[in-house]
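[1] after the sequence you'll find the predicted model.
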Amino acid sequence: MKKKLKKQWYFIVGLVLLLTILTFSPWVLSSSSEPTLLDMPYTLWTSIVTTLLVIVCTIWGGRVFKKMNKAA
């Protein structure tokens, strides 16, 4: 069980690092405002989506970390 939790933890950490790199990549920080979503420019709505994904990963990571401490 502990190995499974460690694998989940490392996956979450890697995913958050990947999302952070994606946020500051040229794909997100382009000068183009197209395509728009709900009249928001591309940079804004992609940043909002990545932020929401980081929040979900943080909640998931908190639960995994709590289980890891109980198992130890």
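    Nice, I can see it.
[2] just the strands from the chain, written as ranges.
    Using DSSP state E, no strands are assigned anywhere in the chain.
[3] per-residue pLDDT, the residue nearest to the spatial centre of the chain?
    Nearest to the mean C-alpha position of the chain, by Cα atoms, centre = their mean, lies V54 at 3.1 Å. V54 is assigned a pLDDT of 95 by the prediction.
[4] residue contacts, it?
    V16, L19, T20 (Cβ atoms under 8 Å, 6 or more residues apart in numbering). Every C-beta, even on glycine, is put in place using the N, C-alpha and C of the backbone.
[5] what does G62 give?
    Taking Cβ under 8 Å, 6+ apart, one finds nothing in contact with G62.
[6] and it, how far from K70?
    13 Å (Cβ to Cβ, to the nearest Å).
[7] re earlier: and the contacts of V54 as TSV, adding distance to K6 and neighbour count?
    Converted to TSV, these look like this (distance: Cβ to Cβ, whole Å; neighbours: other Cβ atoms under 10 Å):
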residue	distance to K6	neighbour count
V16	16	16
L19	20	15
T20	21	12
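[8] nearest to T36, of those?
    Nearest to T36 among those, counting by Cβ to Cβ, is L19 at 21.8 Å.
[9] mind checking pLDDT for the closest one?
    In this model, L19 carries a pLDDT of 94.
[10] same deal with A72?
    Note for A72: predicted pLDDT of 67.
[11] cool, and S33?
    pLDDT at S33 comes out at 69.
[12] same deal with the one 10 residues further on?
    Here, the pLDDT recorded for T43 equals 84.
[13] what distance do you get for it to V49?
    11 Å.
[14] sorry, back to before: what is the nearest of the contacts of V54 to L29?
    Of those, the one sitting nearest to L29 (Cβ to Cβ) turns out to be T20, at 12.9 Å.
[15] residues contacting the closest one?
    Neighbouring residues of T20 by Cβ under 8 Å, 6+ apart: V54.
[16] got the phi and psi for T36?
    phi -100, psi 160 (degrees, to the nearest 10).
[17] which residues touch it?
    Contacts of T36 by Cβ under 8 Å, 6+ apart are Y42, W45.
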